[in-house]
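> Next come a sequence and a model predicted from it.
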Amino acid sequence: MQRENNPFRHFPQRILAAYLSVSLIFAVFLFTFYGESFGQKLKLNDLDYFETPGVNVLVYSNQYTGMFFDEKTAGIEIIHHGVRTSTGGAVRLQNTPEQWDLIPSVVERKVDAKTKSIDVVLRYKDYDFDSRINVTANDNGVLISVYLDQPIPEKLVGNAGFNLEFLPTAYFEKTYLIDGNPACFPRYPSGNTKIESVSEKIPQFAGHTTFDDRGRGEFIVPLPFAMGKTIVLAPEDPERLVKIQSLDADLMLFDGRNLAQNGWFILRSLLPANKTGKVLTWHLELNAIQDWIRKPNIGFSQVGYIPNQEKVAVIELDKNDTPLKTASLFQVTQEGNSVEKYQGEVKVWGKYLRYNYAMFDFSSVKEPGIYYIQYGDEKTNPFIINSNVYENVWHPTLDVWFPVQMDHMEVNEAYRIWHGAPYLDDCLQAPLNHQHFDGYRMGDTTDTKYKPFEHIPNMAVGGWFDAGDFDIQTGSHNMVVSTFVDTWENFKVDRDETYIDQKTRYVDIHRPDGKSDILQQIEHGVLNLVAQCENIGHPVQGIIVPNLHQYHHLGDASTETDNLPYNPNLKPYETDGKSSGTLDDRWAFTTRSPFMDYQTAASLAAACRALRGFNDDLADMSLTNAKRLLKEADEAMQNSRNDQDSMGRMWGRGGDMDAVLQLYITTKDKKYADRFLERIWSMLETPARGRRGLDQGFFAGRGLNSALKAIPYMDAAYKTKLKDYVIKYKQSVDEMNKNNPYGLPISGGGWGGSGGVVGFAITNYYAYQAFPDVMSKEDVLKGIHFIFGCHPYSNVSFVEAVGICSKKVAYGNNRADFSIIAGGIVPGVMLLKPDFLENKDDWPFLWGENEVTIGGSASYLFLANAVSELVKE
């Protein structure tokens, strides 16, 4: 007798009945759950994106900019229950596109309100390949369709596909179903890959490559870790539940982290060969929790407040939320009890971008203690009211963050070595007519005595890593040196918690050495600036690695190059023990700019004062080079051969103002003062350039900070004349309170606005010190409160390890560890058009939100000291 092919044949009947009963119940549950979950239809709103409470689908509201290619902020994007969880919906040419892979340009975007659809035409110019993506509201989600007027070019067959990327941290510790088969998302990449010949590879930007194949002519191809027709993401989590069904091609799920730590989970379907018209359709459904309302975000200072200052929390509310009439402030006693100390009115401010805002003023509470704010069911973490809350908030920046950024030094902290002594092979003359992927550019002359690829001696000294990468950016160095001098001269910061030995190239954090840390940092920055002037002849644009596979380096900087000077007589990866045939040395981009000369002259002239008595030889060299650079920049401004450097010439006009001011303060030579006074008033009438953002239209002019800094060195008539400009400036500062609930310049560009807010507060500090009858302390304090947590999206402090709750991750050189370097300040909230401000604290790799820079951190250090002094008055 033929045996029945029944997988349940060995089960007892009662167990089988129970199993089938449970299975039926589970099937009914899934049907009911999905039916209810996907029951809210998406509508195309007035801002041209699809919306229902808890779900937004953006279709090329943000486009690929081209500067840094795939920034994970473009294409079709999903904001799911208040969190952006998906990006990069586009026709792409790789399974897991990296940042520097080719991106499509947007030829056309059309919104059709009648059909509730958005059409986008994409183009890959290099392949003369166009595609059209149509996204239409459909049933309980959207239909995403890809159309081709011409078949895929032969080179792109098997490469072109539609991708949609999902944020890994949104799906960590979650499951998925692929055609009903359950699995879990990988916490760490461990999927399969294969090797193919580089002849099969779609070239990356400008022929660069992110992969060091060690000369083998190959590249890595990630393989999918799941495949099917229907996938359900996070069925157990209503906030992250997504269902995608492909109506034709297979869905393939990839892990982009196999190639790059900043990769996302990628859902992909290949486009078919030899077909036109509609070639691919996905049905995308996103769960929307019934009547979902985003929890209020209560913005306040995580550092706390002094007793006698204004204390106003800004409450960010879902547009469908109803503001409560009151909020309360509770004090936590030493017994652990909570005592309500104040209940006050919640005043509605109004709508800003996508959210409504209200204010809770608890300034009347002055008793020192530990407090928290209660607004309805929302309770903040604790914060402090005390007279000393600002005293130490800059310590991590000077003690930890800047030492870790020190170039050409080994940096130790207790049991940890942050990095060895890097770039002892600095540096090579960059080649002519070269455009670097990080924005540096060489013209048709080196402006030096060196030939392309010739080693420039004596450059392995001083300097800081500019940001999360490892280049020396001269403009940023100038800013840091000048800001540190301002900090030293204004506040006499005499802290000693770092051991720095230039001779042995060794730094030890938390180890006093009897010297002022800030003077040692000024010395370290000036050593590199002077080395540029003495060995190259002038300040350079920057010094940076030449290869893209080096540029994305994470971890110890000393391993980014082999630390051996390049020797063209040796083969790649060959060494004689003193030099190397590997072309990995950093390049110096030496095209000369009058603006850079002026800026460096200002920094060196200022540094001379700080270094006098600390390192007199370096102080003398600083002043000598400052005078020379001013003279040569003046000559260059009149020399027509600099016409190619139009940006340098534009900024050079007026760039001399800081140089002559600092030279006057240092030398007391009247000719510099006369030149400053001749320039300053016209500069104050010139609108400030480069201020991009939602709320940065305030009057400042290009010279207001310089004008304010000059007051102690000018006569009474100068100050009287300047007051009229400050009154005008104050009017626009007050006007900003109408623009947004924070009364601050919030960025609207591709980089968060912390730098603009800090700069705004610093200008206000100088203005208040000179004209306290015009400006107020609150014009300064509200800026630092924003940085410390009173901002949109969340209420974490944007300064790493400062405040009760601060950033958990940042875009530093240790970002692959999902960690921070204490004391750095991140860019903060960045606008994703048209109305979504974001700062992710679970994903460090978005540089526009999380990359810490030396310029921003130096400015924060100044502001923190300014506030500490201000509140003592």
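Thanks, I have it. These figures come from a predicted structure and were not determined experimentally.
> Could you list the low-pLDDT ranges of the protein?
By pLDDT under 70, the weakly predicted segments of the chain are 1-39, 66, 640-653, 687-702.
> what do you get if the cut-off is 90, keeping everything else the same?
Across the chain, the ranges flagged by pLDDT under 90 are 1-40, 65-69, 139-140, 205-208, 638-655, 682-683, 685-703, 747-750, 873.
> Go through it and flag its longest strand.
strand 338-352 (DSSP state E).
> That one: partners in the sheet, and parallel or antiparallel?
Its sheet considered, strand 338-352 pairs with strand 326-332 (antiparallel), strand 355-361 (antiparallel) by DSSP bridges.
> And for that strand, what's in contact with it?
Outside strand 338-352, the residues that touch it by Cβ atoms under 8 Å, 6 or more residues apart in numbering are 314-315, 319, 323-333, 356-362, 364-365, 367, 371-372, 375, 740-741. (C-beta placed from N, C-alpha, C; glycine too.)
> related to what we said a few turns ago, let's have the strands paired with strand 338-352 in CSV, adding mean neighbour count and distance to residue 816.
As requested, the strands paired with strand 338-352 are arranged in CSV below (neighbours: other Cβ atoms under 10 Å; distance: least, Cβ to Cβ, whole Å):
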stretch, mean neighbour count, distance to residue 816
strand 326-332, 19, 38
strand 355-361, 21, 33
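> now for those strands, which one comes closest to residue 51?
For the strands paired with strand 338-352, proximity to residue 51 was assessed by Cβ to Cβ; strand 355-361 is nearest, at 13.8 Å.
> Check which element follows the closest one along the chain.
Counting by DSSP states H and E, the next helix or strand C-terminal to strand 355-361 is strand 369-375.
> how much space between residue 484 and residue 517?
Noted for residue 484: a distance of 10 Å to residue 517, by Cβ to Cβ, to the nearest Å.
> of these two, who's got more company?
The residue with more neighbours, out of residue 484 and residue 517, is residue 484; 28 against 21, by other Cβ atoms under 10 Å.
> Now the more buried one: phi and psi?
phi -60, psi -40 (degrees, to the nearest 10).
> what's the nearest residue to it if we skip its chain neighbours?
Spatial nearest neighbour of residue 484, chain neighbours left out: residue 522 (5.0 Å); criterion: Cβ to Cβ, 6 or more residues apart in numbering.
> Can you get me a residue count around that neighbour?
By other Cβ under 10 Å, 28 other residues sit near residue 522.
> and the helix or strand containing it, C-alpha only, in PDB?
Assigned by DSSP H and E, residue 522 belongs to helix 517-531. This file holds the C-alpha atoms of helix 517-531, laid out as PDB (Å, rounded to 0.1, in the frame of the first residue of the first chain):
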ATOM      1  CA  ASP A 517      46.500  72.800  28.000                       C
ATOM      2  CA  ILE A 518      45.000  75.500  25.800                       C
ATOM      3  CA  LEU A 519      48.500  77.000  25.200                       C
ATOM      4  CA  GLN A 520      49.800  73.600  24.200                       C
ATOM      5  CA  GLN A 521      46.900  73.200  21.800                       C
ATOM      6  CA  ILE A 522      47.600  76.600  20.300                       C
ATOM      7  CA  GLU A 523      51.200  75.600  19.900                       C
ATOM      8  CA  HIS A 524      50.200  72.300  18.300                       C
ATOM      9  CA  GLY A 525      48.000  74.000  15.700                       C
ATOM     10  CA  VAL A 526      50.600  76.800  15.000                       C
ATOM     11  CA  LEU A 527      53.400  74.200  14.500                       C
ATOM     12  CA  ASN A 528      51.600  72.900  11.400                       C
ATOM     13  CA  LEU A 529      50.600  76.400  10.100                       C
ATOM     14  CA  VAL A 530      54.200  77.600  10.400                       C
ATOM     15  CA  ALA A 531      55.500  74.400   8.800                       C
END
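> shared neighbours, residue 484 and residue 517?
Common neighbours of residue 484 and residue 517 (Cβ under 8 Å, 6+ apart) do not exist.
> Enumerate the positions of the longest strand of the chain that are buried.
Applying a neighbour-count criterion of 16 or more other Cβ atoms under 10 Å, one finds 341-342, 344, 346, 349, 352 buried in strand 338-352.
> and it, how far from the chain's centre?
How far strand 338-352 lies from its chain's middle: 32 Å, per Cα atoms, centre = their mean, to the nearest Å.
> can you check stretch 63-82 too?
14 Å.
> same deal with stretch 822-829?
On Cα atoms, centre = their mean, the centre of stretch 822-829 falls 8 Å from the chain's centre.
> so where do the helices sit in the stretch 501-650 of the chain?
With DSSP state H, counting those that start in this stretch as the criterion, the stretch 501-650 of the chain has helices at 517-531, 548-551, 594-611, 616-637, 646-667.
> Select, out of those helices, the one closest to residue 268.
Nearest to residue 268 among those is helix 548-551 (23.5 Å), distances taken as Cβ to Cβ.
> circling back to that earlier point, could I get the buried residues of strand 338-352 as CSV with distance to residue 571?
Listed next are the buried residues of strand 338-352 as CSV, based on distance: Cβ to Cβ, whole Å:
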residue, distance to residue 571
341, 74
342, 74
344, 74
346, 71
349, 67
352, 61
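> between these, which is nearest residue 178?
When the buried residues of strand 338-352 are compared for distance to residue 178 (Cβ to Cβ), residue 352 wins out at 41.4 Å.
> Residue 739 versus the closest one, what's the distance?
8 Å.
> helix, strand or coil for residue 400?
helix (DSSP: H, G, I helix; E, B strand; the rest coil).
> mind listing what it touches?
413, 509, 801, 821-823.
> most surrounded residue in those?
Neighbour max across those (other Cβ under 10 Å) = residue 823, 26 neighbours.
> Could you verify my assumption that residue 842 touches residue 809?
Yes. With contact defined as Cβ atoms under 8 Å, residue 842 reaches residue 809; the gap is 6.7 Å.
> With neighbour numbers in mind, choose between the two.
Neighbours per residue, other Cβ under 10 Å: of residue 842 and residue 809, the larger number sits with residue 809, 22 against 13.
> if I look at that one, how far off is residue 399?
From residue 809 to residue 399 the distance is 21 Å (Cβ to Cβ).
> Likewise for residue 157?
For residue 157 relative to residue 399 (Cβ to Cβ), the value is 57 Å.
> neighbour count winner among those two?
residue 399 (20 against 14).
> Need the residues that contact the strand or helix carrying residue 499.
Using DSSP H and E, residue 499 sits in strand 498-501. Strand 498-501 has contacts (Cβ under 8 Å, 6+ apart) with 398-399, 403, 406, 409, 506-513, 515, 517, 520, 524.
> Same question for stretch 138-151.
Under Cβ under 8 Å, 6+ apart, the answer for stretch 138-151 is 38-42, 50, 57, 76, 89, 91, 130-136, 162, 164, 243, 271, 273-286.
> Show me which of these are buried.
For these, buried by 16+ other Cβ under 10 Å: 38, 40, 42, 50, 57, 76, 89, 91, 130-136, 162, 164, 243, 271, 279-286.
> Once you drop chain neighbours, what's closest to residue 441?
residue 435 (5.3 Å).
> Could you pull up the contacting residues of residue 628?
Residue 628 sits next to residue 533 when contact means Cβ under 8 Å, 6+ apart.
> Report the separation between it and residue 767.
As for residue 628, its distance to residue 767 is 34 Å (criterion: Cβ to Cβ).
> my guess is residue 386 contacts residue 370, does it?
No. With contact defined as Cβ under 8 Å, residue 386 does not count as touching residue 370 (9.2 Å).
> got the residue ranges for the strands in the stretch 401-550 of the chain?
Ranges of strands in the stretch 401-550 of the chain, per DSSP state E, counting those that start in this stretch, are 410-413, 416-419, 428-429, 472-473, 498-501, 506-509, 542-544.
> Now tabulate the ones you listed in a markdown table and tack on distance to residue 556.
Output for the strands of the stretch 401-550 of the chain, formatted as a markdown table (distance: least, Cβ to Cβ, whole Å):
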| stretch | distance to residue 556 |
| --- | --- |
| strand 410-413 | 10 |
| strand 416-419 | 4 |
| strand 428-429 | 22 |
| strand 472-473 | 17 |
| strand 498-501 | 19 |
| strand 506-509 | 14 |
| strand 542-544 | 17 |
